[in-house]
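> requesting a structural model of the entry that follows:
(2 chains)
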Number of protein chains: 2
Amino acid sequence: MDWLKTTDPDFERRFARIVDDRRESDEDVAHVVRDIIAKVRAEGDAALSRLTDRYDHHDLDKDGWRIDAEACKAAFDALAPDLRAALELAASRIRAYHEAQLPADRDYTDDAGVRLGARWTAVDAAGLYVPGGRAAYPSSLLMNAIPAKVAGVERLVVTTPTPRGQMNELVLAAAHLAGVDEVWRIGGAQAVAALAYGTDTIERVDVITGPGNAFVAEAKRQLFGVVGIDMVAGPSEILVISDKKSDPDWIAVDLLSQAEHDPTSQSILITDDAVFAAEVEDAVDVACAQLSTKTTARASWDDYGVIIVVEDLLEQGVALANRLAAEHVELAVDDPEAFFAKLRHAGSVFLGRHTPEAVGDYVAGPNHVLPTGRRARFSSGLSVLDFMKRTSFIALDKASIAAIGPAAVAMAEVEGLPAHAKSVQVRLK
Amino acid sequence: MDWLKTTDPDFERRFARIVDDRRESDEDVAHVVRDIIAKVRAEGDAALSRLTDRYDHHDLDKDGWRIDAEACKAAFDALAPDLRAALELAASRIRAYHEAQLPADRDYTDDAGVRLGARWTAVDAAGLYVPGGRAAYPSSLLMNAIPAKVAGVERLVVTTPTPRGQMNELVLAAAHLAGVDEVWRIGGAQAVAALAYGTDTIERVDVITGPGNAFVAEAKRQLFGVVGIDMVAGPSEILVISDKKSDPDWIAVDLLSQAEHDPTSQSILITDDAVFAAEVEDAVDVACAQLSTKTTARASWDDYGVIIVVEDLLEQGVALANRLAAEHVELAVDDPEAFFAKLRHAGSVFLGRHTPEAVGDYVAGPNHVLPTGRRARFSSGLSVLDFMKRTSFIALDKASIAAIGPAAVAMAEVEGLPAHAKSVQVRLK
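Okay, here's the model as predicted:
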């Protein structure tokens, strides 16, 4: 864990290092992924079968390619009542938030008599990657699948590895609840390649979203352009801005809630009180020791945790927060509005002392798929827009082409494109 | 040029080949680009200087790194009055269309007492790549720069190669008109790398847009995630759906207006009348011979032009159009609305016989940077959203966390994330 004070002589150097550290795997997976994609593209199902056998020890042809809708429904029906109610509450709140996000079409005629507009439509099919093993979260399935369905995607396909045949019943239950149309038992870069290019068995999709390991992320990056993808995601992070009036125990568990995700997760506290900071540090130690996830949380906090003591929480604290452009920002202060007004770069913001980041992971409604690794500088959380596209349109008549056409002719001529000019001129006669 | 009829026995096979043909360079540039990016990242300005000397035969240190604002203003002031008026009309119409595109923030409190919302903000800085030589179009500069400025981007940087020192005065004039803040005389993958990582001389940006050759496109693809980028663009295409009542000469120049861009551009006509199709084909030959761009237009039409004769223009024609997902679609029919209602996948649509695609390239207002290579299935034209990002926010109080918190605890527990559960539980007491 790093302790920084803005008054330290080497503060700027040390802070800049934190901002620039992307905490990402150095592992060169690009070559392996390129090879897997080429194999799936050339050999289709045969490659999927062979790669799934090799990496997941699952025989697709013998033990099954697909998990059917009945199995998903059975998993949902088997849920304990309180858990089922929790998932239903989460799904309905996520649905409501994303429904309010649906973009409006535009269609208007301007002063020159030109009709202009834009129309939004959903993609035909979307693929959702769901990791196997410990990172297979039902909440993650809901957060990816529901926006796609709200956008109007007709065919929503899940691919998920089932190592040694093992399925995650909670994920199947969530797939039922979210209305997923197909679930395929494949994973890794080969699943992403199959979704992008299609095989005899699996029809291609238009957009691929969802979290995955370094191979999955690299496959999405390589196939960007062949299909649409969501942002490439890195390790998770939380930034808590807190004054000394917060309960140190509350802030400690908030920091740990990010640290327990992964040893490369990052938790940062910015406060203007060194005594409070020390109290939080002690509270982290106490709370961490009680967690079943303590090994991961401890490693993350020790390696990547940061406490920054500033002189002025509002001005200086928020300026640092803008440079960090964190995925999650908690504002545990009396007047969170004043802080939020100055905050430009953040994936999602949690206002006030009663808003722990974890409510946003599950039930608040906004998406928990958010830009990491300082990408909140230029990108946004997952939304219905990731599953839609916009078609602009233009309609002219004799009068309106007479009004604006000559300018197009002038520009086409100077750009050396005579057929462009001619296509307007023939309509001006 | 390919002639297809839906009644041909091999129609489906031939049409599928057209849909799948991406018309993209096979050239393997990835390796070269990776090397250039690594050099710029490691050596900064020194690498830029060396690479610009090698590829553009321009000595940055001797002949200048930057084109200053005065030079851009001088280029604008030197424009012929009618051309200046045309550029001003284009700029004001592009500005108006993109201003209407600005997204609305949301901030509301739902039935559970949870305050939720989303706030849009501009990125701090955007970089715009402008090609040198023949593809350096002032219209393209306006189409990229104006949405960025409308979005609220404070620092808008242009990089453009100036081979052997040559500058394109029209591009400088457009830069002045659009309010570009910096113009740098560098090009290629090295310019993209400099924009993404920054050097001592050039500060990094958050988003990079703009057209370029295969090296520029590959650099953007490789740096996707380090910065935001617009869609990777391929050769341009137009699809004209026309009945026999259109003037064949008009349709011919519309097809040629795309063909004259590049030998790999694609122009497709779908009609339900074989006689009309033959008339258009003849008219293309006549019109093409008169163009100063005839070599390019002829090559494009010969190699990639397609005429498809269908039996039913509305149902069958639009179904084929949806599979082609073309960048530009002209609907040269009596009732374009009926066709547009069924058209799901297109970058931009031109309604009616008096709306040639070229007006959209220059003065109509919507963006001319549009998805190519069937990417309209999942992506949209450039817009203010490419220069903005959305921050979601959540605010709970004691009552609302009591309402939705227990569901978050249940989900966190089943996902094996005890600190998540605890961060909610401490606030429920």
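> kindly report the residues of the stretch 201-350 of chain A close to chain B.
A:206-207, A:221, A:224-225, A:227-228, A:231-232, A:247, A:249-250, A:253-254, A:256-257, A:259-261, A:287, A:291-293, A:297, A:336, A:340, A:343-350 (Cβ under 8 Å from any Cβ of the partner chain). C-beta here means a position set from N, CA and C on the backbone, and glycine is covered the same way.
> out of the residues you listed, which sit inside helices?
A:221, A:249-250, A:253-254, A:256-257, A:259, A:287, A:297, A:336, A:340 (DSSP state H).
> do the helix or strand that contains residue A:141 and chain B meet?
Using DSSP states H and E, residue A:141 falls within helix A:138-151. Yes - applying Cβ under 8 Å from any Cβ, one finds helix A:138-151 in contact with chain B at A:138-139.
> sort out which residues of that helix are buried, please.
A:138-151 (16 or more other Cβ atoms under 10 Å in any protein chain shown).
> next, format those residues as a markdown table and append pLDDT.
A markdown table is the format used below for the buried residues of helix A:138-151 (pLDDT from 0 to 100):
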| residue | pLDDT |
| --- | --- |
| A:138 | 94 |
| A:139 | 96 |
| A:140 | 94 |
| A:141 | 96 |
| A:142 | 97 |
| A:143 | 97 |
| A:144 | 97 |
| A:145 | 98 |
| A:146 | 98 |
| A:147 | 98 |
| A:148 | 98 |
| A:149 | 98 |
| A:150 | 98 |
| A:151 | 98 |
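> one step back: would you reformat the ones in helices among the residues of the stretch 201-350 of chain A next to chain B as TSV and include distance to residue A:43?
As requested, those are exported to TSV (distance: Cβ to Cβ, whole Å):
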residue	distance to residue A:43
A:221	22
A:249	56
A:250	54
A:253	49
A:254	48
A:256	46
A:257	44
A:259	42
A:287	51
A:297	43
A:336	55
A:340	52
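> max pairwise distance over those: which two?
A:221 and A:249 (40.4 Å; Cβ to Cβ).
> buried ones only from the residues of the stretch 201-350 of chain A next to chain B, please, as a PyMOL command.
A single PyMOL command selects the buried members of those (16+ other Cβ under 10 Å):
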select buried, chain A and resi 206+207+221+224+225+227+228+231+232+247+249+250+253+254+256+257+259+260+261+287+291+293+297+336+340+343+344+345+346+347+348+349+350
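> report the central residue of chain A.
residue A:369 (3.0 Å; Cα atoms, centre = their mean).
> where's the residue of the stretch 1-150 of chain A found nearest chain B, which helix or strand?
Going by Cβ to the nearest Cβ, chain B is nearest to residue A:86 of the stretch 1-150 of chain A, at 3.8 Å. In the assignment (DSSP H and E), residue A:86 maps to helix A:81-99.
> pull out the buried residues from that helix.
A:83-84, A:86-87, A:89-91, A:93-98.
> farthest-apart pair in the residues you listed, please.
The widest separation within the buried residues of helix A:81-99 (Cβ to Cβ) is 22.3 Å, between A:83 and A:98.
> next, the angle helix B:214-223 makes with the helix or strand bottoming out on mean pLDDT in chain A.
For chain A, counting by mean pLDDT, DSSP states H and E, helix A:214-223 ranks last in confidence among helices and strands (a mean of 90). Counting by axes from the mean of the first three to the mean of the last three Cα atoms, to 10 degrees, helix A:214-223 lies at 150 degrees to helix B:214-223.
> with just CA atoms, put helix A:214-223 into PDB.
Only the C-alpha atoms of helix A:214-223 are listed here, as PDB (Å, rounded to 0.1, in the frame of the first residue of the first chain):
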ATOM      1  CA  ALA A 214      -6.600 -11.800 -21.500                       C
ATOM      2  CA  PHE A 215      -7.300 -14.200 -24.400                       C
ATOM      3  CA  VAL A 216     -10.900 -13.100 -24.600                       C
ATOM      4  CA  ALA A 217     -10.000  -9.400 -24.400                       C
ATOM      5  CA  GLU A 218      -7.400  -9.800 -27.100                       C
ATOM      6  CA  ALA A 219      -9.700 -11.700 -29.400                       C
ATOM      7  CA  LYS A 220     -12.300  -9.000 -29.000                       C
ATOM      8  CA  ARG A 221      -9.700  -6.400 -29.800                       C
ATOM      9  CA  GLN A 222      -8.500  -8.300 -32.900                       C
ATOM     10  CA  LEU A 223     -12.000  -8.700 -34.200                       C
END
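> ok, residues contacting that helix?
A:25, A:27, A:29-30, A:32-34, A:36-37, A:129, A:131, A:187-189, A:191-193, A:196, A:208, A:212, A:229-230, A:232-233, B:224-225 (Cβ atoms under 8 Å, 6 or more residues apart in numbering or on different chains).
> stretch A:315-330: how far from the chain's middle?
Offset of stretch A:315-330 from its chain centre (Cα atoms, centre = their mean, to the nearest Å): 19 Å.
> and stretch A:387-403, by the same measure?
For stretch A:387-403, the distance to the chain centre is 34 Å (Cα atoms, centre = their mean).
> any regions of chain A where pLDDT drops low?
By pLDDT under 70, the low-scoring segments of chain A are A:22-27, A:133-135.
> give me the domain ranges for it.
Split into domains by automatic domain parsing, chain A comes to A:2-24+A:234-364, A:30-229, A:396-425.
> for residue B:394, find the nearest of these.
Closest among the domains of chain A, using Cβ to Cβ: domain A:2-24+A:234-364, at 4.6 Å.
> distance across that closest one, terminal residue to terminal residue?
31 Å (Cα to Cα, to the nearest Å).
> what does the stretch 1-150 of chain A put close to chain B?
Near chain B, when you scan the stretch 1-150 of chain A using Cβ under 8 Å from any Cβ, you find A:82-83, A:85-87, A:89-90, A:93, A:96-97, A:100-101, A:103, A:106, A:108, A:110, A:112, A:114-116, A:118, A:121, A:123-124, A:134, A:137-139.
> 7 Å - rerun?
Within reach of chain B by Cβ under 7 Å from any Cβ of the partner chain, the stretch 1-150 of chain A has these residues: A:82-83, A:86, A:89-90, A:97, A:100, A:106, A:114, A:116, A:121, A:123-124, A:137, A:139.
> kindly indicate which of the residues you listed lies nearest residue B:276.
Nearest member of those to residue B:276, counting by Cβ to Cβ, is residue A:114, at 27.8 Å.
> may I see the domains of chain A arranged in JSON lines, with distance to residue B:274 as well?
Shown next, in JSON lines, are the domains of chain A (distance: least, Cβ to Cβ, whole Å):
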{"stretch": "domain A:2-24+A:234-364", "distance to residue B:274": "56"}
{"stretch": "domain A:30-229", "distance to residue B:274": "31"}
{"stretch": "domain A:396-425", "distance to residue B:274": "23"}
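> all good on my end, thank you.
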